[in-house]
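Asks: Below is the sequence, then the predicted model.
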Amino acid sequence: MMNEEMLEMLIGKFLDSEITPAEQKLLDAELQSNPKAKMLYQQWQQIHEQAGQALNAEVIEYGRSPEAIFQRAVTEHERNRWKRRLRPVRWLPAVGSLAAGLLLGFGLFSLMADNQTESNPNPSENVPTVVKGEDNQKIHPESRPEESGPKLIEMIEPDLADRPVEYYLYTDPDGSRYVVEAPTDEDVRWASYRDNLH
Amino acid sequence: MSSSKPKPNESALVCAARQGDRQAIQKLLETHWRWLKGLLYSVLGNADDVDEALQSVCVLLLDKIGTLKDPESFKPWLASVARNLALTQRQKRARKPVGLDEFSAGTDTPDPQQNVLEAITRQEQHQQVLQAIELLPEKYREVFVMKYMQDMSYAEIGDILNLPLTTVQMRLVRARRMIQNRLTGKPTDKVPRT
């Protein structure tokens, strides 16, 4: 007598048309000699028929035709393609924000630069705050040196130290004092001064 | 598994489909329509949702067929696409799956002494069977439904679902046993591993 698992497997293979001739012989013999096996076979045969009919009615015969579904899918596919084409790229807002930020920053910078120029229209008049006299002593603008008339002075700003220029103190007839920057190429121009020089 | 190899004209169809030939895509879909529908049904468990899922599968196929590298693996690829899509759709629907035990605990359990024939003839036969199928664990339901939707061989089912032939065979046996137990009111088996 065959065990239940073997019997189920052979019945299953028979129902699924996968049984071999040798297995078919074994099954036939079991069904003839074992009433329980025959009953199981009948039950499974019933399930087999019912399942086929029920699934066909429920799934295959139900719903729209393949052609109808495919046509709708094609329409949806086309619509999706257009949507994808028209949809802005994801990084565009980020790039836009960055560009706006840069523009704003540049605008602010320009504005500030303009204000600075307006408050001091002649940048060449910026003066070194500390100069040295011939005696190598620091001359602070506040110190009001006693010299009158042109006097050679030397700038102590390191970045200007090696420039080919000379500096002079000049007191005009009204008593106002000026620092004069004189490039060594004899192209004399106003260097700088501050209010508190005089 | 030689019987599950695609026919030569199917490979040609897949190649044409990859080039964007819509008629080829439609032909391929029609060829595999029944089992595809069965597979979606086995995941969704509801015939009403199958058409919507099928349409989504078609759209995905139109979009992605160009990415299929091997024309001979079209069926497993299609099955994978369809299953994933159905699972996503089921998640969106947030439908809770009903376990077999829950089903068995119902009040309409027939008398265990009755045989299948009596039980089926007394009640709505199809609905009973369908309910029993619906309550199979998914991996058994998938194989069972595909078997009955297109009368596929074990090899074909194994090829599509990427399962060994013996696994397909055992899942069918166990699915039938679970359906039988359900219909006769016997206690249900624990879900086996295969």
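Replies: Good, I have the coordinates.

Asks: which residues does residue A:14 contact?
Replies: By Cβ atoms under 8 Å, 6 or more residues apart in numbering or on different chains, the contact list for residue A:14 reads A:23-24, A:27. Placement of C-beta: from N, CA and C, glycine included.

Asks: Revised request: answer the last question for residue A:70.
Replies: Counting by Cβ under 8 Å, 6+ apart, residue A:70 touches B:25-26, B:29, B:58.

Asks: Could you do residue B:23 as well?
Replies: With contact taken as Cβ under 8 Å, 6+ apart, residue B:23 is in contact with residue B:16.

Asks: secondary structure element for it?
Replies: For residue B:23, the enclosing helix or strand under DSSP states H and E is helix B:22-31.

Asks: Repeat that for residue B:167.
Replies: When elements are defined using DSSP H and E, residue B:167 is found to belong to helix B:165-184.

Asks: can you check residue A:166 too?
Replies: Following DSSP H and E, one finds residue A:166 within strand A:165-171.

Asks: quick one: strands adjacent to that strand?
Replies: Partners of strand A:165-171 in the sheet, by DSSP bridges, are strand A:151-155 (antiparallel), strand A:177-183 (antiparallel).

Asks: and these, which one is worst for confidence?
Replies: The stretch with the lowest mean pLDDT among the strands paired with strand A:165-171 is strand A:151-155, at a mean of 48.

Asks: Turn the contacts of residue A:14 into TSV, including distance to residue B:64.
Replies: Output for these, formatted as TSV (distance: Cβ to Cβ, whole Å):
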residue	distance to residue B:64
A:23	42
A:24	44
A:27	45
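
Asks: Which one (most neighbours) among these?
Replies: Using other Cβ atoms under 10 Å in any protein chain shown as the neighbour definition, the contacts of residue A:14 reach their maximum at residue A:27, which records 21 neighbours.

Asks: List the contacts of the residue lying closest to that residue once chain neighbours are set aside.
Replies: Spatially, and ignoring its direct neighbours in sequence, residue A:27 is nearest to residue A:10 (4.4 Å; Cβ to Cβ, 6 or more residues apart in numbering or on different chains). For residue A:10, the set of contacting residues under the criterion of Cβ under 8 Å, 6+ apart consists of A:2, A:19, A:23, A:26-27, A:30.

Asks: And for residue B:171?
Replies: Under the criterion of Cβ under 8 Å, 6+ apart, the neighbours of residue B:171 are B:139-140, B:143-144, B:163, B:194.

Asks: ok, and which of these reach chain A?
Replies: Among the contacts of residue B:171, the residues lying close to chain A (Cβ under 8 Å from any Cβ of the partner chain) are residue B:144.

Asks: Enumerate the positions of the helix holding residue B:167 that are buried.
Replies: B:165, B:167-184 (16 or more other Cβ atoms under 10 Å in any protein chain shown).

Asks: Disregarding residues adjacent in the polypeptide, which is nearest to whichever residue of chain B sits closest to chain A?
Replies: Across chain B, the shortest distance to chain A (Cβ to the nearest Cβ) belongs to residue B:58, at 3.2 Å. Spatially, and ignoring its direct neighbours in sequence, residue B:58 is nearest to residue A:73 (3.2 Å; Cβ to Cβ, 6+ apart).

Asks: Just the element for that neighbour, please.
Replies: Per DSSP H and E, residue A:73 falls inside helix A:66-86.

Asks: For chain B, see how far away residue A:175 is.
Replies: From residue A:175 over to chain B the distance is 90 Å, taken as Cβ to the nearest Cβ, to the nearest Å.

Asks: whoops, I mixed them up, residue A:180
Replies: Using Cβ to the nearest Cβ, one gets 80 Å for the distance from residue A:180 to chain B.

Asks: tell me which residues form a beta bridge with the nearest residue to that residue once chain neighbours are set aside?
Replies: If you skip the residues right next to it in sequence, residue A:180 has residue A:168 as its closest partner in space, 4.2 Å away by Cβ to Cβ, 6+ apart. Here residue A:168 shows beta-bridge partners residue A:152, residue A:180, assigned using DSSP bridges.

Asks: could you point out the longest helix in chain A?
Replies: Looking across chain A with DSSP state H, the single longest helix is helix A:92-119.

Asks: then the helix or strand residue A:49 falls within to PDB, C-alphas only?
Replies: With the criterion set as DSSP H and E, the secondary-structure element containing residue A:49 is helix A:35-55. Output in PDB follows, covering the C-alpha atoms of helix A:35-55 (Å, rounded to 0.1, in the frame of the first residue of the first chain):
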ATOM      1  CA  PRO A  35     -10.900   2.500  -1.400                       C
ATOM      2  CA  LYS A  36      -9.500   5.500   0.400                       C
ATOM      3  CA  ALA A  37      -7.200   6.200  -2.500                       C
ATOM      4  CA  LYS A  38     -10.100   6.100  -4.800                       C
ATOM      5  CA  MET A  39     -12.000   8.500  -2.700                       C
ATOM      6  CA  LEU A  40      -9.100  10.900  -2.600                       C
ATOM      7  CA  TYR A  41      -8.800  10.600  -6.300                       C
ATOM      8  CA  GLN A  42     -12.500  11.400  -6.800                       C
ATOM      9  CA  GLN A  43     -12.200  14.400  -4.500                       C
ATOM     10  CA  TRP A  44      -9.200  15.800  -6.300                       C
ATOM     11  CA  GLN A  45     -10.800  15.200  -9.700                       C
ATOM     12  CA  GLN A  46     -13.700  17.200  -8.500                       C
ATOM     13  CA  ILE A  47     -11.500  20.000  -7.300                       C
ATOM     14  CA  HIS A  48      -9.600  19.900 -10.500                       C
ATOM     15  CA  GLU A  49     -12.700  20.400 -12.600                       C
ATOM     16  CA  GLN A  50     -14.300  22.900 -10.400                       C
ATOM     17  CA  ALA A  51     -11.100  25.000 -10.100                       C
ATOM     18  CA  GLY A  52     -10.700  25.100 -13.900                       C
ATOM     19  CA  GLN A  53     -14.200  26.200 -14.500                       C
ATOM     20  CA  ALA A  54     -14.300  28.700 -11.600                       C
ATOM     21  CA  LEU A  55     -11.100  30.400 -12.500                       C
END
